[in-house]
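K.L.:
need coordinates for the following:
(2 chains)
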Amino acid sequence: MEALFGKTLEELKVVAAENGLPGFTAKQMAQWLYTKKVSEIDDMTNLSKDARGRLKEKYEIGRVVPSKVQASVDGTKKYLYPAQKGLFIEAAYIPEKDRHTLCISSQIGCKMGCLFCMTGKQGFQGQLTAGEIVNQVISLPESDQLTNIVYMGMGEPLDNVDNVLKSLEIFTSDWGMGWSPRRFNVSTIGVEPAMRRFIEESDAHLAISLHTPFNEERKKLMPIEQVYPIEEVIDALKEYDFGRQRRISFEYIMFDGVNDTPAHVKGLTKLLNGIRCRINLIRFHPIPDSPLRGSSDEKIKWFSDQLNKKGLTTTIRRSRGEDIYAACGLLSTKNMLKEDTEKDY
Amino acid sequence: MPQRKQKELFPTKVLKKEEIAPGVFTIYTEKKFDFIPGQVVAIAMTADEEPRLYSIASGNTAGHIRILFDINPEGSLTPKLAQLDPGDEMLMSEPFGRFLGTEDPAWWIATGTGVAPFISMSESGLIQNKKLIHGARTPKEFWFSEHFSASLNDHYVRFATRETAPGIQAGRLTQWLKEQNNLPNNIKYYLCGNANMVVDVRDILVSKGIPYDNIVAEIYF
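P.N.:
Have a look, this model is predicted:
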């Protein structure tokens, strides 16, 4: 059975046409899927019984509820969702006083191999469909309380740009959920061609995982630097007018003795000159066998002060959900993977 | 908003195509630009599709560019590349990337077609003080093995996970690395292949005391 959930209005029009249903049925289906959030085709009560019958022969709604939840002492919750091929993904719900954020996944695992990331350690198992991305939001028990969605969970969103853009279309279109694109922030390590496409085809905020202004150092932390050097990514950003509402931010995990020196303050100031942006400093949440250690709170505060003095708006992100491995860089379903007998190494 | 600027792609003529094993191809094209061994090119069939990146698998003194690839049945590009014939054109960018070979001593570690940049480095003469560790499923999948056997001799170590053959060790290269107690820690380790291999090997090397500064990784995505 094919899932209806995750289809855009254009795709639902094709479903309607292929099944001999009137064109307006597509919009009705979209409303049932994304506004009224039905879980059965029979619940689409303004479709004729005949139309529902025809749809049920080939389609199902295709929403899945989380199979597990873990709660942190700080209120953060980590949800486990079943995905394709018996695999799993995680999403982190982060409630605050005035803001309820969901950190969602875009891939099962990740291909990017960043040295500091737990997701990277499980390798890559598959691309999420647009439906699997949107489902993390709609099937969340706290869905109605959400104010912000960040694509900062498992995977590199812009390595799955088709489905990420499709999910944003569903989230933000009038026929979909109708949310403002400013409620969404998509994070990338700088896959430049896909980043350009995202900038042009979406109005959501953009976050770049930076972590050091220096090429040679970044290459050791993030293999993507081999093909898309950070200065080329920055030059690409400078070609676009982001307007007053759309935000660019840079994520910067603080590694003790690696990227927290005065030279890095200077390097960041030079690299980001001319870009209206914000820098988020993030505490490193150690992962097993990592050669990296996190900077001290004092050092992070010092680094933040130095950057602010240079005119770079800098904030320190509060760690959330560290005790349940829901904090930045810790999402992983590696221990749920079967031992891969197909490995050729 | 400006028109999206991708890397400029140039019509590039196919000179030769060989199916070196079922579903595995080398394509030779005209060479429009010089390159540094280890660099990649972006390739597409038409201007409106997303280019994919491929490591160059030929020496920098050759008069052609060689690409090594296997068909990804779900992929949008490789099935089309496999259909090309000499005289056909594809679109190719200038070479770019910073996973660069040097004269310095190094171990090269690859799986499958991840061996491509090391073919380029070795055919470009960067073969002294190098060791290639290559993993595959069967003995037939060690691409360019004749070249490496001849140029690296016993510095060419192969691991096959499913079958074995003379000169090829049975098992996984990761297991072999785990069993090594004296890995040199003053050389570079170049890793190229899929993310799973790169992160597994990098973890093993770090656990063996290799400074992460000495691990250079190129991922296929």
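K.L.:
nearest residue to the residue in the stretch 51-200 of chain A that chain B sits nearest to other than its sequence neighbours?
P.N.:
Going by C-beta to the nearest C-beta, chain B is nearest to A:G123 of the stretch 51-200 of chain A, at 3.0 Å. Where C-beta positions appear, they are placed from N, C-alpha and C, glycine not excepted. Nearest in space to A:G123, with sequence neighbours left out and distances taken as C-beta to C-beta, 6 or more residues apart in numbering or on different chains, is B:N196 at 3.0 Å.
K.L.:
buried stuff in the host helix or strand of that neighbour?
P.N.:
B:N196 belongs to helix B:195-207 when assigned by DSSP states H and E. By neighbour count on 16 or more other C-beta atoms under 10 Å in any protein chain shown, the buried set for helix B:195-207 is B:A195, B:N196, B:M197, B:V198, B:V199, B:D200, B:V201, B:R202, B:D203, B:I204, B:L205, B:V206.
K.L.:
helices or strands next to the helix or strand just after it in the packing?
P.N.:
As assigned by DSSP H and E, the chain's next helix or strand after helix B:195-207 is strand B:215-219. If you count contacts as 3 or more C-beta pairs under 8 Å, 6 or more residues apart in numbering or on different chains; DSSP states H and E, strand B:215-219 packs onto helix A:215-221, strand B:188-193, helix B:195-207.
K.L.:
in chain B, what residue is nearest chain A?
P.N.:
In chain B, the residue that lies nearest chain A is B:N196 (3.0 Å; C-beta to the nearest C-beta).
K.L.:
surely that residue touches A:K121?
P.N.:
No: the pair formed by B:N196 and A:K121 falls short of the contact definition of C-beta atoms under 8 Å, at 9.5 Å.
K.L.:
just send the helices and strands packed on strand B:215-219 back as TSV, with distance to B:K80 too.
P.N.:
Output for these, formatted as TSV (distance: least, C-beta to C-beta, whole Å):
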stretch	distance to B:K80
helix A:215-221	32
strand B:188-193	23
helix B:195-207	24
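K.L.:
quick one: which of those is nearest A:C110?
P.N.:
A:C110 sits nearest to helix B:195-207 of all those, at 6.8 Å, using C-beta to C-beta.
K.L.:
rewinding a little: what's the helix holding B:N196 packed up against?
P.N.:
Partner elements for helix B:195-207 (3+ C-beta pairs under 8 Å, 6+ apart): helix B:173-179, strand B:188-193, strand B:215-219.
K.L.:
thinking again about what came up before, show me what contacts the residue of the stretch 51-200 of chain A closest to chain B?
P.N.:
Taking C-beta atoms under 8 Å, 6 or more residues apart in numbering or on different chains, we find A:G123 in contact with A:G109, A:C110, A:K111, B:N194, B:A195, B:N196, B:M197, B:V199, B:D200.
K.L.:
go through these and name the one nearest A:C117.
P.N.:
Nearest to A:C117 among the contacts of A:G123 is A:C110, at 7.1 Å by C-beta to C-beta.
K.L.:
so A:M29 makes contact with A:L47?
P.N.:
Yes: between A:M29 and A:L47 a contact is recorded at 7.4 Å, counting by C-beta under 8 Å.
K.L.:
between the two, which one's more packed in?
P.N.:
The neighbour comparison of A:M29 against A:L47 (other C-beta atoms under 10 Å in any protein chain shown) goes to A:M29, with 28 against 21.
K.L.:
can you give me the buried ones in the helix or strand harbouring that one?
P.N.:
A:M29 is part of helix A:25-34, with elements assigned from DSSP H and E. By neighbour count on 16+ other C-beta under 10 Å, the buried set for helix A:25-34 is A:T25, A:A26, A:Q28, A:M29, A:A30, A:Q31, A:W32, A:L33, A:Y34.
K.L.:
elements contacting it?
P.N.:
Using 3+ C-beta pairs under 8 Å, 6+ apart: helix A:25-34 touches helix A:9-18.
K.L.:
ok so, going back, with mean pLDDT and distance to B:I65 added, can I get the helices and strands packed on strand B:215-219 in a markdown table?
P.N.:
Output for the helices and strands packed on strand B:215-219, formatted as a markdown table (pLDDT from 0 to 100; distance: least, C-beta to C-beta, whole Å):
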| stretch | mean pLDDT | distance to B:I65 |
| --- | --- | --- |
| helix A:215-221 | 96 | 24 |
| strand B:188-193 | 96 | 18 |
| helix B:195-207 | 93 | 24 |
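K.L.:
select, out of these, the one closest to A:L80.
P.N.:
Short answer: helix B:195-207, nearest of the helices and strands packed on strand B:215-219 by C-beta to C-beta, at 21.2 Å.
K.L.:
what's in contact with the closest one?
P.N.:
In contact with helix B:195-207 (C-beta under 8 Å, 6+ apart) are residues A:109-113, A:115, A:120-121, A:123-124, A:223, A:289-291, A:340, A:343, A:345, B:109, B:111, B:114, B:135, B:173-174, B:177-178, B:183, B:189, B:191-192, B:212, B:215, B:217-221.
K.L.:
same thing with stretch A:83-103?
P.N.:
Outside stretch A:83-103, the residues that touch it by C-beta under 8 Å, 6+ apart are A:66-67, A:75-82, A:104-105, A:108, A:125-126, A:128-129, A:132, A:136-137, A:140, A:142, A:145-150, A:152-154, A:320-321, A:326-327, A:331-333, A:336-337.
K.L.:
now, which of the residues you listed lie within strands?
P.N.:
A:K77, A:K78, A:Y79, A:L80, A:Y81, A:P82, A:I108, A:Q125, A:G126, A:N148, A:I149, A:V150 (DSSP state E).
K.L.:
how many other residues sit next to the third one?
P.N.:
Spelled out, it's A:Y79. By the criterion of other C-beta under 10 Å, A:Y79 has 23 neighbours.
K.L.:
residue ranges with poor pLDDT in chain B?
P.N.:
Within chain B, the stretches with pLDDT under 70 are B:1-5.
K.L.:
now do the helices in it.
P.N.:
Counting by DSSP state H, chain B has helices at residues B:78-81, B:116-123, B:145-152, B:173-179, B:195-207.
K.L.:
want to throw those helices into JSON lines with distance to B:K13?
P.N.:
Below are these laid out as JSON lines (distance: least, C-beta to C-beta, whole Å):
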{"stretch": "helix B:78-81", "distance to B:K13": "14"}
{"stretch": "helix B:116-123", "distance to B:K13": "20"}
{"stretch": "helix B:145-152", "distance to B:K13": "25"}
{"stretch": "helix B:173-179", "distance to B:K13": "37"}
{"stretch": "helix B:195-207", "distance to B:K13": "33"}
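K.L.:
could you list the domains of chain B?
P.N.:
Domain assignment for chain B by automatic domain parsing gives B:9-93, B:106-219.
K.L.:
so which of the ones you listed comes closest to A:I300?
P.N.:
Closest approach to A:I300 among those is made by domain B:106-219 (21.5 Å; C-beta to C-beta).
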